[in-house]
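**Student:** predicted model and sequence below, questions to follow.
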Amino acid sequence: MGAPKPTLGYGSRTEAVIALRREGMRPSAIARRLGIEVKTVAALECSARRSTSNPRADAGNRKNAVLITYDLRCHLREAARRRELSVEAVALRILETVAYSNLIDAVLDDADEVAR
């Protein structure tokens, strides 16, 4: 095994892959960004999973998970595809934007107006 290759400001390609996956990027988008093959992205991700004491550690914190229904997932799929993100990552960005920008009342009030 060779020495780590610093990539995109991370200490290694593996660190870059894990960080970009946590941001919700798809393996194909990561491969293009790093200039490597998709199968290399998968191998680096698999290797990182094996090296952790908790094999599910990179799966995120499940206790904070939000259920995304099939219908909602269908509505978000195109936006996720355009941004090369997972549906979950897009949903999280929307929630964070609305919550952190104090737009909850505005969004919900507008939704009430549309429903009338």
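**Tutor:** On my side now, so go ahead.
**Student:** domain assignment for this structure?
**Tutor:** Here the domain assignment for the chain is 13-59, 66-115, based on automatic domain parsing.
**Student:** tell me which of those sits most buried.
**Tutor:** domain 13-59 (a mean of 15; mean count of other C-beta atoms under 10 Å). For glycine as for every other residue, the C-beta is placed from the backbone atoms N, C-alpha and C.
**Student:** hmm, back to that, where among the domains of the chain is average confidence lowest?
**Tutor:** Ranked by mean pLDDT, the domains of the chain bottom out at domain 13-59, which scores a mean of 81.
**Student:** sorry, back to before: how about the domains of the chain in TSV, adding distance to K5?
**Tutor:** Formatted as TSV, the domains of the chain follow (distance: least, C-beta to C-beta, whole Å):
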stretch	distance to K5
domain 13-59	5
domain 66-115	23
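**Student:** and P4, which of those domains is closest to it?
**Tutor:** Nearest to P4, of all the domains of the chain, is domain 13-59, at 7.6 Å by C-beta to C-beta.
**Student:** for P6, find the nearest of the domains of the chain.
**Tutor:** Proximity to P6 (C-beta to C-beta) singles out domain 13-59 among the domains of the chain, at 8.6 Å.
**Student:** which residue sits closest to the most centrally placed residue in the chain, ignoring its sequence neighbours?
**Tutor:** Geometric centre of the chain, nearest residue: G24, 1.3 Å, by C-alpha atoms, centre = their mean. Once flanking residues are discounted, G24 sits nearest to A89: 2.2 Å by C-beta to C-beta, 6 or more residues apart in numbering.
**Student:** alright, calling it a day.
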